[in-house]
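[1] Give me a model of this one.
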Amino acid sequence: MTKKNHYSKNQPLLHASSGLSLEEVNGTVAVPKGKGFWRTLLAYSGPGALVAVGYMDPGNWSTSITGGQNFQYMLMSVILMSSLIAMLLQYMAAKLGIVTQMDLAQAIRARTSKKLGIILWILTELAIMATDIAEVIGAAIALYLLFNIPLVIAVFITVFDVLLLLLLTKVGFRKIEALVVSLIFVILFVFVYQVALSNPSWGALLEGFIPTTQTFASSPAIGGQTPLTGSLGIIGATVMPHNLYLHSAVSQTRKIDHNDPKNVAEAVRFSTWDSNIQLTLAFFVNALLLVMGVAVFKTGTVKDPSFFGLYQALSDPSTLSNGFLIAVAKSGLLSTLFAVALLASGQNSTITGTLTGQVIMEGFIHLRMPIWLRRLVTRLLSVLPVLICVLLTSGKGPLQEHEALNNLMNNSQVFLAFALPFSIIPLLMMTDSQAEMGQTFKNSMIIKGFGWLSVIALTGLDLIGLPGQVEEFFGATTAGFTMLWADITAYAIIILVLALLAWTIIELHRGNQRLAAERLSTH
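    Numbering: from 1, shown residues only. The predicted structure is shown next:
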């Protein structure tokens, strides 16, 4: 299949596509042959960073910090388990892309009907929009905190990150990867510095990595949160469906010989190293966020877990845990660094969210558009609810405005809970399949076992947590008609999700059988 530029002057902005995943960059990054481990790893490094961004985006911040505030180091084991599951799923996503030369959206669509493909595309688009809302809120608040730009204007400014994307597409994919890695290290540095100043209890921290029966308990409730809801919040903010689509696409940016099984195996191996290294960095960022909640602030002092509240708490001596932190906080350095890290996180997520949107549109419905137009449309759609929220609450005082934005960000994540099974179950089914992956690259029995255990656990926890998320969406804090309506809605959604999931699994199974029969007949 030859590569060509699909965005010529004679083509319409929206046109059909059934070619390579992210065709402009597919197979464009050369990798050395017969060189040492470290030089080869460096050539393959980059896609893992694009994926790791989704595991440390603004949606993760308040869940980890609030979890630390309420339950000390207890939920550290949840961050560890989520990160290990993420490594397993991202390994399978990269392997699918490298071996089959299809991203996850293309692979699902090739084995399902057009009608189901459109439904899954809409569902995944909603999940991407949900993450984009968190990015808009994070970036707008960072601009407000750093430069005192009014929130309404700051929200509009986030639309212009499309210009950054246009610039990056001109300089090459390796430059995009380098920028993302740089921003990750900015975020990591900020939290390492703040935690180092706090001098946490390392013994208690290490003990928190061991899960106990209390980790997923439904009591006690502290600040309206139980260990179970805290764990579900961390899991929901960590494992996101769009990362799997993205990784299966960007893993194909390296130029390899698909007719040489050894070359394919090397690509899988080094892509896995890249992914695991970058996800380890993401794990440290999330762990540091939880440690901030425990060690940087005095227990129970962060009453407002929104970005505004955390920024204020980092400059308020009465909330901080020791004299050294207080001395640094008085200079404004702690709060400023926090806002810088928030802005870096929002920009990173912008880049990866746009690439993912392009992947799913081309994969599920075989349509493509210029990356700048894709970004502009999705960002304007995501800006709309944030803008309405700001305008409706701007006259009610800063506190109501801050709470409304924080609630919007948290409630937008409800889409992620029921979108996740539609990416992880097809991913596991296809990488388990010999017809799909061949004898060499299909999942081993150990990977298969851990994969299904992870998928069942994640799907189960998401569905268990869905009623609570819907209740929050409705604002149902007390018993009554609103609570009843919220629960009815939640269980109707669960039934709908299970029915759609069954339809997807049946079509995927039939598609795999058809593929196996076709390959058998050609041999």
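[2] What ranges in the protein fall below the confidence cut-off?
    1-18, 59, 162-169, 223-224, 413-414, 417, 472-473, 475-481, 523 (pLDDT under 70).
[3] Tell me the first helix or strand C-terminal of the helix or strand where G236 lies.
    Applying DSSP states H and E as the criterion places G236 in helix 227-238. Once the chain leaves helix 227-238, the next helix or strand it forms, by DSSP H and E, is helix 241-250.
[4] Show me what the helix holding G236 is packed up against.
    For helix 227-238, the packing partners by 3 or more Cβ pairs under 8 Å, 6 or more residues apart in numbering; DSSP states H and E come out as helix 58-71, helix 76-100, helix 445-474. For every residue, glycine as well, the C-beta is placed using N, CA and C.
[5] Give me the longest helix you can find in this structure.
    helix 481-522 (DSSP state H).
[6] can you pull the contacts of the residue nearest the centre of the chain?
    In the chain, the centroid-proximal residue (Cα atoms, centre = their mean) is G54; its distance is 3.1 Å. By Cβ atoms under 8 Å, 6 or more residues apart in numbering, G54 lies in contact with T131, M240, H242, N243, L246, S349, T352.
[7] a markdown table for these, including distance to V268 and neighbour count?
    Shown next, in a markdown table, are the contacts of G54 (distance: Cβ to Cβ, whole Å; neighbours: other Cβ atoms under 10 Å):
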| residue | distance to V268 | neighbour count |
| --- | --- | --- |
| T131 | 27 | 27 |
| M240 | 23 | 26 |
| H242 | 22 | 28 |
| N243 | 18 | 25 |
| L246 | 17 | 31 |
| S349 | 27 | 26 |
| T352 | 21 | 25 |
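[8] for those, which one is nearest T213?
    Here the nearest of these to T213, counting by Cβ to Cβ, is M240; it sits at 27.8 Å.
[9] before we move on, back to that, of the helices and strands packed on helix 227-238, which is nearest S394?
    Closest of the helices and strands packed on helix 227-238 to S394 is helix 58-71, at 21.0 Å (criterion: Cβ to Cβ).
[10] How many neighbouring residues does L104 have?
    30 (other Cβ atoms under 10 Å).
[11] one step back: a markdown table please, covering the contacts of G54 and showing distance to Q278.
    A markdown table is the format used below for the contacts of G54 (distance: Cβ to Cβ, whole Å):
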| residue | distance to Q278 |
| --- | --- |
| T131 | 18 |
| M240 | 15 |
| H242 | 16 |
| N243 | 11 |
| L246 | 13 |
| S349 | 15 |
| T352 | 12 |
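[12] Is L123 in a helix, a strand, or coil?
    helix (DSSP: H, G, I helix; E, B strand; the rest coil).
[13] mind listing what it touches?
    F415, F418, A419, F422.
[14] before we move on, what about A502?
    By Cβ under 8 Å, 6+ apart, no residues touch A502.
[15] Which secondary structure elements does the helix or strand in which L310 is found sit against?
    Using DSSP H and E, L310 sits within helix 307-313. Counting contacts by 3+ Cβ pairs under 8 Å, 6+ apart, helix 307-313 is packed against helix 58-71, helix 114-147, helix 333-365, helix 398-412.
[16] hang on, the earlier thing: name the nearest of the contacts of G54 relative to I277.
    N243 (15.7 Å).
[17] Report the contact partners of H402.
    Applying Cβ under 8 Å, 6+ apart, the residues contacting H402 are D304, S306, F308, G309.
[18] quick revisit: want to throw the contacts of L123 into TSV with neighbour count, distance to Y491 and secondary structure?
    Listed next are the contacts of L123 as TSV, based on neighbours: other Cβ atoms under 10 Å; distance: Cβ to Cβ, whole Å; DSSP: H, G, I helix; E, B strand; the rest coil:
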residue	neighbour count	distance to Y491	secondary structure
F415	21	17	helix
F418	24	12	helix
A419	22	18	helix
F422	22	19	helix
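[19] ok, N263 - contacts?
    K33, I256, D257.
[20] Go again with 10 Å.
    Counting by Cβ atoms under 10 Å, 6 or more residues apart in numbering, N263 touches V31, K33, I98, I256, D257.
[21] Give me the number of neighbouring residues for the second one.
    Read it as K33. By other Cβ under 10 Å, the burial measure for K33, its neighbour count, is 11.
[22] Assign it to helix, strand or coil.
    K33 ends up coil, using three-state DSSP.
[23] and it, what does it touch?
    Counting by Cβ under 10 Å, 6+ apart, K33 touches T40, I256, D257, D260, N263, E266.
[24] Identify all contacting residues around the helix or strand the first one falls within.
    What that stands for is T40. According to DSSP H and E, T40 maps onto helix 37-44. Outside helix 37-44, the residues that touch it by Cβ under 10 Å, 6+ apart are 29-36, 94, 174, 251, 253-256, 266-267, 269-275, 277.
[25] Kindly recompute the last result at 6 Å.
    V31, P32, F270, S271, W273, D274 (Cβ atoms under 6 Å, 6 or more residues apart in numbering).
[26] Turn the buried ones among those residues into a named PyMOL selection, would you?
    The PyMOL command for the buried members of those (criterion: 16 or more other Cβ atoms under 10 Å) is given here:
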select buried, resi 31+270+271+273+274
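[27] Adding distance to R379, write the contacts of helix 37-44 out as CSV.
    Output for those, formatted as CSV (distance: Cβ to Cβ, whole Å):
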residue, distance to R379
V31, 33
P32, 38
F270, 34
S271, 29
W273, 33
D274, 28
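[28] from the contacts of helix 37-44, which single one is nearest A329?
    D274 (37.1 Å).
[29] Shouldn't that closest one be within a helix?
    Yes. D274 forms part of a helix when assessed by three-state DSSP.
[30] Contact partners for the residue nearest to it when sequence neighbours are not counted?
    In space, and not counting its chain neighbours, D274 is closest to G48: 3.9 Å by Cβ to Cβ, 6 or more residues apart in numbering. If you count contacts by Cβ under 6 Å, 6+ apart, G48 has them with D274, S275, Q278.
[31] before we move on, what about A154?
    Contacts of A154 by Cβ under 6 Å, 6+ apart are A140, L143, Y144.
[32] and if we set it to 10 Å?
    By Cβ under 10 Å, 6+ apart, A154 lies in contact with 136-137, 139-148, 386, 390.
[33] Compute the distance between it and I128, please.
    Per Cβ to Cβ, to the nearest Å, A154 is found 22 Å from I128.
[34] same thing with F156?
    Separation of F156 from I128 (Cβ to Cβ) stands at 21 Å.
[35] In terms of neighbours, single out the busier of these two.
    Neighbour count, other Cβ under 10 Å: between F156 and I128, I128 has more, with 25 against 14.
[36] Verify the stated contact: that one with S412.
    No. Look at I128 against S412 with Cβ atoms under 10 Å: they stay out of range, at 11.0 Å.
[37] intersection of neighbour lists for these two?
    Taking Cβ under 10 Å, 6+ apart as the criterion, I128 and S412 both touch S382.
[38] circling back: now the helices and strands packed on helix 227-238 as CSV including distance to V25 and mean neighbour count?
    Below are these laid out as CSV (distance: least, Cβ to Cβ, whole Å; neighbours: other Cβ atoms under 10 Å):
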stretch, distance to V25, mean neighbour count
helix 58-71, 26, 26
helix 76-100, 13, 24
helix 445-474, 28, 17
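[39] Generate JSON lines for those, with distance to M292 as supplementary columns.
    Formatted as JSON lines, the helices and strands packed on helix 227-238 follow (distance: least, Cβ to Cβ, whole Å):
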{"stretch": "helix 58-71", "distance to M292": "6"}
{"stretch": "helix 76-100", "distance to M292": "12"}
{"stretch": "helix 445-474", "distance to M292": "24"}
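[40] Of all those helices, which one comes closest to G332?
    Going by Cβ to Cβ, the one of the helices and strands packed on helix 227-238 nearest G332 is helix 58-71, 19.5 Å.
[41] for that closest one, packing partners?
    helix 76-100, helix 114-147, helix 227-238, helix 261-291, helix 307-313, helix 333-365, helix 398-412 (3 or more Cβ pairs under 10 Å, 6 or more residues apart in numbering; DSSP states H and E).
[42] Thanks a lot, see you next time.
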